[in-house]
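# Here is a sequence together with a model predicted from it:
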Amino acid sequence: MSLIDLLRMSSGNLKRRKLRTFLTVLGVVIGTASIVVMISLGLGMQKSMYKQVEESGGITNIDVTGKNNGGGGVIISSDMMHQDQESEKYITDGAIKELSKIEHVKMASPVLSMSAMILKGNYEGYIDLRGMRPEALEEQNIPLIEGSRLPETKTSNLELIIGNLIPEMLYEKNTGKGYWETGKLPEIDYMKDSLFLILDSDAYLASKQNGTSSLEQSLGKNEGQGGNQASAKAPKKYVVHASGMVKGDLNTYNSHSYYVYCDLDTLIASLKKEYGTKPIPGQPTTKSGKPYKEFVYSSACVQVDDIDYVEEVSAKIREMGYTANSNAEYLKSMQSQFAIIQAVLGGIGAVSLLVAAIGIANTMMMSIYERTKEIGVIKVLGCSLKNIKQMFLIEAGFIGLLGGVIGNILSMLLSFGINTIAGSMGSAMGFEGDISYIPIWLILASLGFAILVGMAAGYFPALRAMRLSPLAAIRNE
């Protein structure tokens with residue numbers, strides 16, 4: 001028999017027993033949908049993690065910290081095996097030049113992290129201020145609202161990029177109550193209104209504890225304070241404007257939401273001007289208490305030209321006496337965990353398809369018993385044993401194909417529903433993107449697997465049909 005004849009006979013046999021075929025196909029549909037949806041959940045989590053890594057600086061960036069410095073890097077910390085090793089050197093301009101000369105390093109740029117305060121009207125709040133150069137800021141892939149730009153360079157005025165969750169960190173000066181107590185945000189237009197920035201937050205706190213308002217101190221009304229005038233002197237307040245703001249509302253979180261960014265060189269110039277010859281807080285000093293001869297940064301952002309060289313460059317940086325952490329190393333450790341998660345989820349779904357395979361085998365065995373005489377007749381008429389085997393395998397394959405197609409359609413509908421429901425609550429949990437992700441390869445793989453399972457389930461029934469005695473089959477009632 002030709003292939004066309006086999007296809008026609010197989011499809012005809014399935015159509016004659018519609019209810020049985022429907023129930024068998026339904027089992028394959030449920031099994032396929034279970035596997036696809038389960039694996040899609042693992043792929044969705046993995047894709048979301050990759051997206052967060054990209055938004056936090058990419059997988060080719062390395063966060064380098066130096067001696068006695070917490071760093072506070074801008075990218076996700078990783079490589080836990082190295083976290084207890086103390087760095088031997090400070091991150092200085094000389095260190096930046098040294099890092100830039102490493103092979104495969106595309107860029108090395110310093111980062112200065114410090115605590116500061118912003119004030120507006122009756123509100124104030126502590127912020128994590130991060131000074132970075134333009135090339136490093138661009139590599140952070142910070143999602144900004146419309147109308148935003150990077151801070152100006154070579155200027156005496158600080159410009160800020162404000163995180164979208166900074167507004168909830170401000171509190172009332174008099175009561176100390178903020179958004180979480182009052183449920184209200186300050187009425188501030190961060191892109192238009194001017195703000196006051198205080199770099200010496202310790203001095204500002206000390207002046208408040210001395211019971212003198214910052215406004216009075218800034219006007220020089222320190223009468224009657226005697227010897228405490230110097231200690232109660234208010235720190236300088238810088239008038240600043242925002243050049244941009246991180247995209248998102250209070251229900252949206254990303255790795256930049258709680259930070260304020262500014263131009264590094266402008267920030268350093270402001271610090272040196274404010275402190276003069278005195279040690280800048282956070283900077284190392286000599287044994288005599290004088291400022292260190294070089295300016296020391298919190299960390300350095302190193303970008304590698306290719307992900308394949310990230311581990312190699314990280315190793316060289318550690319050999320130089322610095323601590324190096326990268327997202328690539330973090331991803332490598334997570335990939336094995338995601339592989340286990342996907343295997344477990346896929347295994348759970350595979351149980352349903354195993355049950356479906358038993359159903360296919362049962363259907364094919366029943367079909368053989370009902371068509372015993374028919375099998376005997378076509379054998380007597382000269383049909384080869386190979387053709388009989390192929391006919392039953394094609395029938396089983398048809399069931400797998402039909403169940404796989406419908407199962408994939410059902411999977412995509414379920415995936416859409418899951419993402420719609422999760423999307424409404426994902427931002428509040430700091431989760432962005434689709435929780436279920438079905439790539440093309442998963443659809444094709446599940447379809448092929450469903451067909452393979454169907455044919456495997458029909459293999460032994462096909463062998464039984466092939467081995468039936470023609471004479472015994474014809475006499476069978």
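Yep, it's here. The shown structure was predicted, so the numbers you read here are calculated from the model rather than taken from an experiment.
# Let's test this: name the helix or strand in the protein with the lowest mean pLDDT.
The helix or strand of the chain with the lowest confidence, counting by mean pLDDT, DSSP states H and E, is helix 214-218 at a mean of 42.
# what sits up against stretch 4-12?
If you take CB atoms under 8 Å, 6 or more residues apart in numbering as the criterion, stretch 4-12 is touched by Met1, Asn387, Gln390, Met391, Phe392, Ile394, Glu395, Phe398. Quick note: C-beta positions are derived from backbone N, CA and C, even for glycine.
# any idea which of these is the one closest to Asn61?
The nearest member of the contacts of stretch 4-12 to Asn61, counting by CB to CB, is Phe398 at 52.0 Å.
# Surely that closest one is in contact with Lys15?
No - Phe398 lies out of contact with Lys15 (CB atoms under 8 Å); the separation is 10.3 Å.
# Which residue of the two possesses the greater neighbour count?
Counted by other CB atoms under 10 Å, Phe398 and Lys15 do not tie: Phe398 has more neighbours, with 21 against 9.
# for the more buried one, what are its contacts?
Applying CB under 8 Å, 6+ apart to Phe398 gives the contacts Ser10, Ser11, Leu14, Gly454.
# Give me the sheet partners of the helix or strand that contains Ser113 and which way each runs.
Using DSSP states H and E, Ser113 maps to strand 105-120. Looking at strand 105-120 with DSSP bridges, its partner strands are strand 123-132 (antiparallel), strand 195-198 (antiparallel), strand 299-304 (antiparallel).
# Quick one, which of those gets closest to Ile59.
Nearest to Ile59, of those and by CB to CB, is strand 299-304 at 9.3 Å.
# buried ones in that closest one?
For strand 299-304, a neighbour-count test (16 or more other CB atoms under 10 Å) marks Ser299, Ala300, Cys301, Val302, Gln303, Val304 as buried.
# same for the helix or strand just after that strand, what does it pack against?
Going down the chain from strand 299-304, the next helix or strand is helix 310-319, by DSSP H and E. For helix 310-319, the packing partners by 3 or more CB pairs under 8 Å, 6 or more residues apart in numbering; DSSP states H and E come out as strand 61-65, strand 299-304, strand 323-326, helix 327-370.
# tell me the angle the second one makes with strand 61-65.
Okay, so that is strand 299-304. Angle, strand 299-304 to strand 61-65, by axes from the mean of the first three to the mean of the last three CA atoms, to 10 degrees: 150 degrees.
# Give me the buried stretch members for the strand holding Ser113, please.
So, applying 16+ other CB under 10 Å, buried residues of strand 105-120: 105, 107-114, 116-120.
# mind exporting that strand as CSV, just the C-alpha atoms?
Output in CSV follows, covering the C-alpha atoms of strand 105-120 (Å, rounded to 0.1, in the frame of the first residue of the first chain):
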residue,chain,number,x,y,z
VAL,A,105,38.3,45.8,29.0
LYS,A,106,36.2,48.2,27.0
MET,A,107,35.7,50.8,29.8
ALA,A,108,36.7,51.4,33.4
SER,A,109,34.9,54.2,35.2
PRO,A,110,34.9,55.2,38.9
VAL,A,111,31.7,55.3,41.1
LEU,A,112,31.3,57.3,44.3
SER,A,113,28.4,56.3,46.6
MET,A,114,27.5,58.4,49.6
SER,A,115,24.6,59.3,51.9
ALA,A,116,23.1,62.7,51.4
MET,A,117,19.8,64.6,52.1
ILE,A,118,17.3,66.4,49.9
LEU,A,119,14.9,69.1,51.2
LYS,A,120,11.9,70.7,49.8
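# quick one: average confidence on the strand or helix carrying Lys208?
Taking DSSP H and E as the definition, one finds Lys208 inside helix 201-209. For helix 201-209, mean pLDDT is 79.
# Now the residue nearest the centre of the chain. Nearest residue, chain neighbours left out?
The chain has Met49 as the residue nearest its centroid, 2.2 Å off, counting by CA atoms, centre = their mean. Nearest residue to Met49 in three dimensions, chain neighbours excluded: Met334, at 6.5 Å (CB to CB, 6 or more residues apart in numbering).
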